[in-house]
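*Asks:* need a 3D model of the sequence below.
(one chain, ligands or ions: 2)
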Amino acid sequence: MVRINLGIGRADPTKRFGERTKRILDLKNDEANHITLLGKSGYGKTTIMRGMIEEIYSSYSDAGIPPIIIVIERKVDTSKPKKVVEIYHEESENLSSAKAYRKYGEGIWNYLEHYVKEIEKDKELKYGLMGDFAIGFPNILGKYTKMASDETKSLLGRHGLSPAAYPARRFVFRPRRDLENIAFDNGPLTEVINSKLAYPDLAFEIIADMNNLGEQTRYSAILKNIWDISKIRDPKEVLLIAGSSETSNSGPSQTYLRIEETMNRLKTDVLFTGDIDNSFLTKLTNKKINILDFSQNSELETYEECLIFKLVVQNAINVAIKYRIPVFFVVDEVQNFMKDKNGKWAIDKILREGRSLCINLICATQYTDNLPKDILIGSSHIGIMGKLASNTDTKTLEKLIPDFRDVVDFDEPGSLSEWENMKRKLRFRGYFSYNKDYTEHIEYRQPQSL
Ligand SMILES: Nc1ncnc2c1ncn2[C@@H]1O[C@H](COP(=O)(O)OP(=O)(O)OP(=O)(O)O)[C@@H](O)[C@H]1O
Ligand SMILES: [Mg+2]
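*Replies:* Ligands and ions are numbered 1, 2, ... in the order given. Sure thing, here's the model as predicted:
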């Protein structure tokens, strides 16, 4: 069992303003620990997931079983670099260097200065797209921002934490920007990889999906035979074989042409490589936090993201069987995967096989409405951030969590200004239901990274 710090709970759950106490979540090593986080937009789901990733990364590593953590990132958050720049200017006006060093740490403050100077020099808009999971960038914001309920403490200070960067390996597919610029935006401990799928990674069905190959066609049957049954996963060789069975002298057959078209796509598309050692799957690591960058940095269609996700899940199952190490998938905006057959396959696979292999799913979404019940039913724990997005969601959760109705109580604002104030207070807080059996109020642990 590995214990992670979840945040701060109420020592006496019946008292709203009583003493506070640290809350720990036990994660089991021999079964899955699926967690679903729900909450309206802007209340901190992504932020809190970052905190959980850090806990998992350090607690498991301390216990001597570094897990593979694979984060699926969907968005960049352009407000973060802007806030960092603002904070830098405000703090340099108000604090002496010595004080700034003491507050943020000397290394971090110097880095911040360097970062802001570079951003302000940047006239070509190379920078500014910081990922939702900039795990390699210290959380300046959390150190600077005061708690809504206690202005003497910062968000991070409240949890006894300070800003820190974590090592991250970011996988970008068909990169839209220079890799160095992506790395710069995501912090000094970020490594960026131009990620490719190797031909041998791709089962025939994947190629068929990507090229819209008709199922009942002759070219499909022939290609499947060469690619999957003879296991010849090399476009050049495939074309030689397909060519050798041509019989007519009056030019290539339609079948050959279709196969040629498919193979040419594999050869010319920068997403693919013939070099198996260069497959991004071989670069997934348990020494750093892996981030699949599906934000604007990668030029991918949604169905391609789902295919990549499926490949990674298949690969993770093999790794989990072979090396017996835990795997954590962190999937933000999980509803996006459910509309695609491969995405759905991947989530279902983690939910089902995860239990025996210790492959865990930590996911977040605003919606329970369009969320298949399987995810909520399959989750060991459910967290709520801020507020729920709709009343139907409350009803859904009441059915799943026996004590939900007794414990969970969302304040309703009486006026616009009250609503604004409330929103600030509710951010990064909510409820956590342990094993969907015991639910309590919690202030979630803040992330040390941005
Ligand atoms: N440590 C921090 N201190 C203050 N603000 C922060 C901190 N970390 C993140 N924020 C800001 O809080 C806002 C909400 O956080 P977050 O993105 O985690 O919400 P979310 O629930 O994931 O929302 P969405 O559903 O829209 O993705 C963001 O604009 C983010 O920039
Ligand atoms: Mg988010």
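*Asks:* and residue 311, how many neighbours?
*Replies:* Counted by other CB atoms under 10 Å, the residues lying close to residue 311 total 20. Every C-beta, even on glycine, is put in place using the N, C-alpha and C of the backbone.
*Asks:* do the one 4 residues further on as well
*Replies:* Close neighbours of residue 315, defined as other CB under 10 Å, add up to 19.
*Asks:* likewise the one 5 residues further on?
*Replies:* Taking other CB under 10 Å as the criterion, the count of residues near residue 320 is 20.
*Asks:* what is the helix or strand hosting it packed up against?
*Replies:* Using DSSP states H and E, residue 320 falls within helix 302-323. If contacts are counted by 3 or more CB pairs under 8 Å, 6 or more residues apart in numbering; DSSP states H and E, helix 302-323 sits against strand 68-73, helix 204-211, strand 289-293, strand 327-331, helix 341-357, strand 359-365.
*Asks:* residue 186: which of these is closest?
*Replies:* strand 289-293 (8.3 Å; CB to CB).
*Asks:* parallel or antiparallel, list what pairs with the closest one.
*Replies:* strand 68-73 (parallel), strand 168-173 (parallel) (DSSP bridges).
*Asks:* contacts for the first one next, please.
*Replies:* Outside strand 68-73, the residues that touch it by CB atoms under 8 Å, 6 or more residues apart in numbering are 53, 56-57, 131-133, 135, 284-286, 289-295, 309, 312, 316, 319, 325-332.
*Asks:* for residue 406, which of the strands paired with strand 289-293 is the nearest?
*Replies:* Of the strands paired with strand 289-293, nearest to residue 406 by CB to CB is strand 68-73, at 34.4 Å.
*Asks:* all strands of this structure, in order?
*Replies:* 2-10, 20-27, 35-38, 68-73, 168-173, 190-195, 197-198, 272-273, 289-293, 327-331, 359-365, 381-385, 429-434, 438-444 (DSSP state E).
*Asks:* chain center to the helix holding residue 320, what's the gap?
*Replies:* How far helix 302-323 lies from its chain's middle: 14 Å, per CA atoms, centre = their mean, to the nearest Å.
*Asks:* what's the answer for stretch 229-246, then?
*Replies:* 38 Å.
*Asks:* just stretch 425-438 next, same as before
*Replies:* How far stretch 425-438 lies from its chain's middle: 20 Å, per CA atoms, centre = their mean.
*Asks:* what does stretch 337-346 give?
*Replies:* Distance, stretch centre to chain centre, for stretch 337-346: 16 Å (CA atoms, centre = their mean).
*Asks:* flag every buried residue along that stretch.
*Replies:* Neighbour-count burial for stretch 337-346, counted by 16 or more other CB atoms under 10 Å, picks out 337-338, 340, 342-346.
*Asks:* give me the angle between the worst-scoring helix or strand of the chain on mean pLDDT and strand 381-385.
*Replies:* Sorting the helices and strands of the chain by mean pLDDT, DSSP states H and E puts helix 416-426 at the bottom, at a mean of 84. Interaxial angle, helix 416-426 versus strand 381-385 (axes from the mean of the first three to the mean of the last three CA atoms, to 10 degrees): 140 degrees.
*Asks:* what residues of helix 416-426 count as buried?
*Replies:* 422-423, 426.
*Asks:* burial measure for the residue lying closest to residue 100 once chain neighbours are set aside, as a count.
*Replies:* Counting by CB to CB, 6 or more residues apart in numbering, residue 100 lies nearest to residue 109, which is 4.9 Å off, once chain neighbours are set aside. Number of residues near residue 109 (other CB under 10 Å) recorded here: 23.
*Asks:* how about the one 3 residues further on?
*Replies:* By other CB under 10 Å, the residues close to residue 112 number 23.
*Asks:* for it, give me its contacts.
*Replies:* 84, 88, 104, 140.
*Asks:* mind picking the two most distant members of the residues you listed?
*Replies:* Top of the distance list for the contacts of residue 112 (CB to CB): 84 and 104, 11.3 Å.
*Asks:* which parts of the stretch 151-300 of the chain sit against ligand 1?
*Replies:* For the stretch 151-300 of the chain, the residues in contact with ligand 1 (CB under 6 Å from any ligand atom) are residue 155.
*Asks:* of all the strands of the chain, which one is nearest residue 206?
*Replies:* Checking the strands of the chain against residue 206 by CB to CB gives strand 197-198 as the closest, at 8.4 Å.
*Asks:* helices and strands around the closest one, which ones?
*Replies:* strand 272-273.
*Asks:* pull the distance from the strand it packs on to the chain's centre.
*Replies:* 24 Å.
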